[in-house]
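Chemist: have a look; sequence and predicted model below, questions after that.
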Amino acid sequence: MTTQLLIYETVVPVMFANHRHSSVEFGRNYAFSSKINSVPLTAIEFRDAQSDYPIVFAGNKEGVMPAVILGLREGENLYLSDGGKWDARYIPAFVRRYPFVFAKSDDGERFNLCIDEMFSGFNGDGRGERLFADDGKPTAYVENILKFLQEYQLQFLRTERFCKKILELDLLEPMQAQVEMNTGERYSLSGFMAINREKLKELPGDKLAELAKTDELELIYLHLQSMRNFGALKDRLAMARAQKVDSAPDSSAPDSEAPSISGEDSSEEPRVRRSTAKAANGSRAPSAALE
């Protein structure tokens, strides 16, 4: 698996000096996510996401982060329909925050708002929402983006604590999803972990009570319940293959080695064009600011 932030290409801090005439036109086109087969998920999203996606854990024994599986093959998002529309009831916050992201300042005291200037909706023609008003102040649109990203970062920190606890309880095990199509072709997906049900059953009563008290036991059950959605991914893959039959042959034959989900690194490190900002990985939540 590679990095979690493949949807970001050229991340720069949002500044009045450089973006006084810049606007963002988003619409409902999520084509920027067409080449990823997983995205990170915060714990607060489990309840909404579990009905649409398999929720797994990506990372290693040093640190993990929840993620939703979007495809069974590398570079394929099965939740996109024609025209780049998202084909699910819930859209992960990681996707909804694009093209914006927080990056930590050198002193670690604040987060700088950054934008991916390669986003197709980023423009200097006044289309969509302006980033700055004529007086140099951030627009209401940008203020709302800041609030959204502040909440996202807070939930990211809470999710880190949840993941640390399940690691300490040794509840996770490596997992490989295997799907057999009606044609007999088989696909495997590896590089993620899931809660081991037997280990969960063997936890002492006081540990289970602690998990229940903090609502973390509910998160575990939501994760386990979501695993049934691998069957839905099989149906989505079959539909995607059928739609390509009349246009071009499918060159992506089943892999001899199982592909992995994109996003093994649980830290968040977009490439920032400017050396004064490095991406936030969630050690704490300082104040957010525009430069």
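Modeler: Received, thanks.

Chemist: contacts and neighbour counts: CA atoms only from here.
Modeler: OK.

Chemist: so Leu113 touches Phe100, yeah?
Modeler: Yes: counting by C-alpha atoms under 8 Å, Phe100 is a contact partner of Leu113 at 7.0 Å.

Chemist: what is in contact with those two at once?
Modeler: Shared contacts of Leu113 and Phe100 (C-alpha atoms under 8 Å, 6 or more residues apart in numbering): none.

Chemist: ok, Glu9 to Ile115 distance?
Modeler: Going from Glu9 to Ile115 by C-alpha to C-alpha, to the nearest Å gives 10 Å.

Chemist: make that Leu233, sorry
Modeler: According to C-alpha to C-alpha, Leu233 and Ile115 sit 31 Å apart.

Chemist: try Leu217
Modeler: Distance of Leu217 to Ile115, given as C-alpha to C-alpha: 36 Å.

Chemist: same check, this time on Tyr90
Modeler: 23 Å.

Chemist: so for those two, which residue has more residues nearby?
Modeler: More crowded of Tyr90 and Ile115, by other C-alpha atoms under 10 Å: Ile115, with 23 against 14.

Chemist: pull the contacting residues for the closest residue to the more buried one other than its chain neighbours.
Modeler: With C-alpha to C-alpha, 6 or more residues apart in numbering as the criterion, Ile115 has its nearest non-adjacent residue at 4.5 Å, and that residue is Phe100. The contact partners of Phe100, by C-alpha under 8 Å, 6+ apart, come to Leu113, Cys114, Ile115, Asp116, Ile145.

Chemist: can you give me the pLDDT of the fourth one?
Modeler: The score at Asp116 is 96. That number is its pLDDT.

Chemist: swap in the first one?
Modeler: Leu113 is assigned a pLDDT of 96 by the prediction.

Chemist: that one falls within a helix, correct?
Modeler: No: Leu113 is assigned strand when assessed by DSSP: H, G, I helix; E, B strand; the rest coil, not a helix.

Chemist: nearest spatial neighbour of it, skipping sequence neighbours?
Modeler: Phe102 (4.9 Å).

Chemist: got the CA positions of stretch 151-160 in CSV?
Modeler: Coordinates of each C-alpha in stretch 151-160 appear next as CSV, following Å, rounded to 0.1, in the frame of the first residue of the first chain:
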residue,chain,number,x,y,z
GLU,A,151,-13.8,19.2,13.6
TYR,A,152,-12.2,16.6,11.4
GLN,A,153,-8.9,17.0,13.1
LEU,A,154,-10.6,16.6,16.5
GLN,A,155,-12.3,13.4,15.4
PHE,A,156,-9.0,12.2,14.0
LEU,A,157,-7.4,12.6,17.4
ARG,A,158,-10.2,10.7,19.1
THR,A,159,-9.9,7.9,16.5
GLU,A,160,-6.2,7.6,17.2
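
Chemist: now do the buried residues in that stretch.
Modeler: For stretch 151-160, the neighbour count (16 or more other C-alpha atoms under 10 Å) marks Tyr152, Gln153, Leu154, Gln155, Phe156, Leu157, Arg158, Thr159, Glu160 as buried.
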